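> sequence unknown, structure follows:
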């Protein structure tokens, strides 16, 4: 018996003829979906993460088709799987399993140049960074400043340094280069997320679906322009509507893109070539859409996803990974984000050497950028940064010099903390951990100089603190990296 609201159930009947077992499909989307997490292999081995979480009481089930992913089989954590120290430290990302499939199809490698056209909040961006082992460059774009904020927070938390964030309407994305790999996880009606919110379908209208379809086609059109000859575009939407799936791929074929087949590690159905909608209208699509994949919730106990792999004809990819100037637009480039000058770089290196005892050779793996009164650590390609417009950030912020004394960021101290030799403070107890992680003050003496210090708990670098012999250790964690005292952090 379906627990979907009546209007939602009535709505979903429009897909009765294209689902292999409609009753099983309805039963599946009526059930809540257990959360899943992705181990951040840039920071931790998946087995070690699982061991740590299980010691804290997590009930985990490894996903058989990918070693980075675990399903959380714990009703008490189902609504808040991120309430743990490991999540706050960036050791894992809460990600629905079907969301992991488009990056797997795109298959970015270390050293690649990738454009993520609709990147926020960052699940696929950070997954691709892991697949690239932090080597290469991802240009991650989104149009919303709020969503860009969420994307930046996740990049900081997971300590990803090879991502350039831009904020533009992707329909008119400005760039002087073409890209060999593009991911377009397009805005959509999100029918495939119904297991998170059963009432979602009741609020959808055909007008909204048609608007999404028009938007998606415009995004595909711009992606086609930005794609290098021989390059690959992976188009995905977490929805069931053919108007947003096969219809958009048919449009892409008309533009000149070819559809390539691919294998998924989960069960899927091919795209539909013909279907009859709820009003009896017959829709026919290009025969090649059968090479796309529909991931239905009842086939794998996941959300829903549609994926297409599209290639632009024109021969083999250039050996220069897409760095061919092809636009004559006035691109502002890095007007406000440039490599640190020789003097600024010396100041940056000398600060971390003198304050924390970090050998400057340990810092040389990053390109140090400066914008205003902030330094940033970036590990991607500088020449990509130079040919983009509306750059929000590159890498992670490392040091602010707007105050009376320089202030290092928690994200950067977490990156270099285990290479530091001085002004390191260690918390002794779980109660001190909770106090620090919730933004409080640990009131005792530490063996450190007054000022900003690195704070550790066991082998984990927690971030930045301000030590005063009079007050104690004052947490400097940004709000998005703090725990609420009411959470508990699952002590061992």
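Structure received. Everything numeric in this text was worked out from a predicted model, so none of it was measured. Numbering: from 1, shown residues only.

> going forward, measure contacts and count neighbours with C-alpha atoms only.
Noted.

> quick check: which element contains the residue found closest to residue 301 once you drop the neighbours it is linked to in the chain?
The spatial neighbour of residue 301 that comes closest, neighbours along the chain excluded (C-alpha to C-alpha, 6 or more residues apart in numbering), is residue 28 at 7.1 Å. Residue 28 is part of helix 22-29, with elements assigned from DSSP states H and E.

> list the buried residues of that helix.
Within helix 22-29, the residues scored as buried using 16 or more other C-alpha atoms under 10 Å are 22, 25-26, 28-29.

> the residue nearest to the spatial centre of the chain and residue 402: what is the separation?
Central residue of the chain (C-alpha atoms, centre = their mean): residue 122, 2.0 Å from the mean position. According to C-alpha to C-alpha, to the nearest Å, residue 122 and residue 402 sit 29 Å apart.

> residues contacting residue 35?
71-73, 78-79, 81, 94-96 (C-alpha atoms under 8 Å, 6 or more residues apart in numbering).

> just checking, next helix/strand downstream of the strand of greatest length in the chain?
Identified as the longest strand of the chain according to DSSP state E is strand 227-237. Using DSSP H and E, the helix or strand that follows strand 227-237 towards the C-terminus is helix 246-255.

> just checking, next helix/strand downstream of that following helix?
Counting by DSSP H and E, what follows helix 246-255 is strand 258-260.

> report the distance from that next one to the chain centre.
26 Å (C-alpha atoms, centre = their mean, to the nearest Å).

> partner strands of the helix or strand just after that strand, with direction?
Reading on from strand 258-260 to the C-terminus, the next helix or strand found by DSSP H and E is strand 269-270. Using DSSP bridges, the strands paired with strand 269-270 are strand 293-295 (antiparallel).

> what average pLDDT does the strand it pairs with get?
Computed over strand 293-295, the mean pLDDT rounds to 98.

> go through stretch 426-441 and flag the buried ones.
Neighbour-count burial for stretch 426-441 [16+ other C-alpha under 10 Å]: 426-427, 432-441.

> restricted to strands, list these.
Those of these lying in strands (DSSP E): 426, 441.

> end-to-end on stretch 277-294?
Stretch 277-294: ends 17 Å apart by C-alpha to C-alpha.

> from the chain's centre, how far out does that stretch sit?
The mean C-alpha position of stretch 277-294 is separated from the chain mean by 30 Å, C-alpha atoms, centre = their mean.

> repeat that for stretch 181-200.
That offset, for stretch 181-200, works out to 15 Å (C-alpha atoms, centre = their mean).

> what's around residue 459, how many residues?
8 (other C-alpha atoms under 10 Å).

> next one: the one 10 residues further on
Taking other C-alpha under 10 Å as the criterion, the count of residues near residue 469 is 15.

> contacts for the helix holding residue 28, please.
Here helix 22-29 makes contact (C-alpha under 8 Å, 6+ apart) with 1-2, 9, 16, 19, 194-195, 198, 296-298, 301.

> of the contacts of residue 35, which is the nearest to residue 139?
Taking C-alpha to C-alpha as the measure, residue 95 is the one of those closest to residue 139, at 20.5 Å.

> quick one: the longest strand of the chain to helix 246-255, angle?
Interaxial angle of strand 227-237 relative to helix 246-255 (axes from the mean of the first three to the mean of the last three C-alpha atoms, to 10 degrees): 170 degrees.

> which strands and helices sit next to strand 227-237?
helix 101-106, strand 179-185, strand 305-311 (3 or more C-alpha pairs under 8 Å, 6 or more residues apart in numbering; DSSP states H and E).

> residues in a beta bridge with residue 375, which ones?
residue 370, residue 399.

> contacting residues for residue 273?
In this structure, residue 273 makes contact with 246, 284-287, 289-290, judged by C-alpha under 8 Å, 6+ apart.

> buried only: go through the residues you listed for me.
Looks like the contacts of residue 273 have 246, 285-286, 289-290 buried, using 16+ other C-alpha under 10 Å.

> sitting in helices, which of those residues do you find?
Of those, the ones assigned to helices by DSSP state H are residue 246.

> got the contact list for residue 78?
Contacts of residue 78 by C-alpha under 8 Å, 6+ apart are 34-35, 72.

> how far off centre is the one helix or strand in the chain whose mean pLDDT sits lowest?
Every helix and strand in the chain was compared by mean pLDDT, DSSP states H and E; the lowest is helix 6-12, with a mean of 84. Relative to the centre of its chain, helix 6-12 is centred 32 Å away, using C-alpha atoms, centre = their mean.

> tell me what it is packed against?
Helix 6-12 is packed against no helix or strand, with contacts defined by 3+ C-alpha pairs under 8 Å, 6+ apart.

> give me the residues contacting that helix.
Counting by C-alpha under 8 Å, 6+ apart, residues outside helix 6-12 touching it are 26, 198-202.

> mind redoing it with 6 Å?
201-202 (C-alpha atoms under 6 Å, 6 or more residues apart in numbering).

> just the helices in the stretch 1-150 of the chain please.
Ranges of helices in the stretch 1-150 of the chain, per DSSP state H, counting those that start in this stretch, are 6-12, 22-29, 46-55, 85-88, 101-106, 123-131, 145-158.

> of those helices, which is nearest residue 305?
helix 101-106 (8.5 Å).

> average pLDDT for that closest one?
Predicted confidence along helix 101-106 averages 98 (mean pLDDT).

> would you mark the buried spots in it?
Neighbour-count burial for helix 101-106 [16+ other C-alpha under 10 Å]: 101-106.

> give the other helices and strands that the helix or strand hosting residue 412 contacts.
Taking DSSP H and E as the criterion, residue 412 maps to helix 410-416. Helices and strands touching helix 410-416, by 3 or more C-alpha pairs under 6 Å, 6 or more residues apart in numbering; DSSP states H and E, are strand 460-468.
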